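S.K.: Build the 3D model from these lines:
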Amino acid sequence: MLNISHNSVSHRIRLEDYGSFRQTSLSRAHLMMTRWLLAVMGIAIIFLLLPWTQNIQSKGKVTTLRPEQRPQIIPSPIDARIERWYVREGQAVKKGDTIVFISEIKADYLDPELVPRTEQQVAAKEGAVVSYQDKVNALQDQIANMEAQLRLKRQQLQQKIDQVQFKIGADRADLAQAVIQDSIAKVQYQRAQSLFERGIDSRAKVEEKQAKLQETRNKVIASENKLNSSQAELRITQTELNAIQAEYSEKIAKARSDIASTLSQKFDTEADVNKLRIQSSNYARRAGFYYITAPQDCYITKTVTPGIGETIKEGDGIVSIMPKDYELAVELYVEPMDFPLVNVDTSAGKKPEVRFIFDGWPAFVFSGWPGQSFGTYVGEIAAIDNEISSNGKYRILVAYKPGTKPWPKELRVGSGSQGIVLLNNVPLWYEIWRQLNGFPPDYYASDEQEEALKQKTPVQLIK
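M.R.: Numbers count the residues shown, from 1 in each chain. Prediction:
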């Protein structure tokens, strides 16, 4: 029963001939299950060893590479009223074509002759400037004439002073002579008086000498008076000279004050002229704002303020346009953890390749095996924002990669897209392990950098 004997009889018995043995025999299904499990395990191991391309996926939208190629709204440069439209929505216009005509609503600019009248004010102010300059020139000539008159007066008075000084010298000489004659007459009178007292001379001679003495004294007094008169005349002439100098200095100072005042008025008028010129230029340029023209070749997409007679404020949008010529790009947002892996500088390594799926264009995608994907389009990173966006992610711009499949011509700005940034190639098991642990993808480095690092010495690496 236990089949432990060396003399077995099992080979002599056919168990399948007995019904009870047939119902209790073991099934061969477990062998099939074992084979299937081994096959599935082998396939799984082979599958885990397959190469996998690490990637960063992000949703985005189609935009343009350059800012001036993006849709824009043309604002109103002034507070105005819409008078007439020259375009319709969807129409293609060229640069400089008129889009809409607007009119003024501010009372300060309603005068149709505003610019010519402002120019007339400028001309009048310029004439005032010329008049002030003529007045300054006249005052300068007046100062020159007064200075010449002052020099002439000073010369005349100086000559008179010289004459009076000569006269004073002559009067002093006459006084000295009169004093000498008076002393001689006095001596003669005393001698005659002495002789008369001794009875030698007569009284008549004494009286004659007395009269002579009186005459010489009168001459002395007259000479003194004449000298004093000449000295007084000298002082008067000197005072007159000082008065003339003070008078002409006052006149010249007043004329110079008038010049300074006139120059101040002239400068104020020149400032007014410049202000009026600025106003005239502003009015002329403002008149050019009445016709809103296309800033570039574009399409009219939507009229923001369509009604005739509607008033708009300065800076309010009138119409939105889409440039005719543009270079498409895709705007993607990546997580901060993945941002260090995205680079645009070729010197730091090879640019990651980006695959796209555009809305409206069917595709068959294997993100980890980009070579097996169909219907995708290729791009390369053109710009990276260094500041995080309001959604907590970093924005990147991806442009068309030359030499690859052209992007659809029917693609328009604003369309949705799914971007896949391709990174390093790793085994599939490593990618599964990385995803389970939440680690970022491997950093991307070029072969040239690795060769350069191998050739450097430790000292160079430290530097």
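S.K.: and the residue of the chain most remote from its centre, which of the three is it?
M.R.: Most distant from the centre of the chain: residue 199, at 125.1 Å, with distances by CA atoms, centre = their mean. Under DSSP: H, G, I helix; E, B strand; the rest coil, the three-state class of residue 199 is coil.
S.K.: show me what contacts residue 299?
M.R.: Residue 299 makes contact with 90, 91, 92, 93, 321, 322, 324, according to CB atoms under 8 Å, 6 or more residues apart in numbering. (Each C-beta comes from the backbone N, C-alpha and C, glycine too.)
S.K.: Correct me if wrong: the third one contacts residue 323.
M.R.: Meaning residue 92. No. Contact criterion CB atoms under 8 Å: residue 92 and residue 323 do not qualify, at 10.9 Å.
S.K.: anything in contact with each of these two?
M.R.: 297, 298.
S.K.: Look at these two and report which has more neighbours.
M.R.: When neighbours are counted by other CB atoms under 10 Å, residue 323 comes out ahead of the other of residue 92 and residue 323, with 19 against 13.
S.K.: Quick check: bridge partners of that one?
M.R.: With DSSP bridges as the criterion, residue 323 is bridged to residue 298.
S.K.: Am I right that it is in contact with residue 65?
M.R.: No. Between residue 323 and residue 65 there is no contact, the gap being 11.7 Å when judged by CB under 8 Å.
S.K.: Show the pLDDT at the residue farthest from the centre of the chain.
M.R.: We have a pLDDT of 74 for residue 199.
S.K.: Got the phi and psi for it?
M.R.: With angles defined as degrees, to the nearest 10, residue 199 sits at phi 80, psi 20.
S.K.: Please tell me how far it sits from residue 32.
M.R.: Using CB to CB, to the nearest Å, residue 199 is found at 207 Å from residue 32.
S.K.: try residue 325
M.R.: For residue 325, the distance to residue 32 - CB to CB - is 68 Å.
S.K.: do the same with residue 80
M.R.: 87 Å.
S.K.: the more surrounded of these two?
M.R.: Neighbours of residue 80 and residue 32, each counted by other CB under 10 Å, are more numerous for residue 80; the result is 25 against 10.
S.K.: so what's the more buried one closest to, chain neighbours aside?
M.R.: Excluding the flanking residues, the one nearest residue 80 by CB to CB, 6 or more residues apart in numbering is residue 102, at 3.8 Å.
S.K.: Isn't the one you found up against residue 81?
M.R.: Yes. Using CB under 8 Å, residue 102 makes contact with residue 81 at a distance of 6.4 Å.
S.K.: Those two - which one has more neighbours?
M.R.: A count of neighbours by other CB under 10 Å puts residue 102 above the other of residue 102 and residue 81, at 23 against 13.
S.K.: Can you check my assumption that the more buried one lies in a strand?
M.R.: Yes. Under three-state DSSP, residue 102 sits within a strand.
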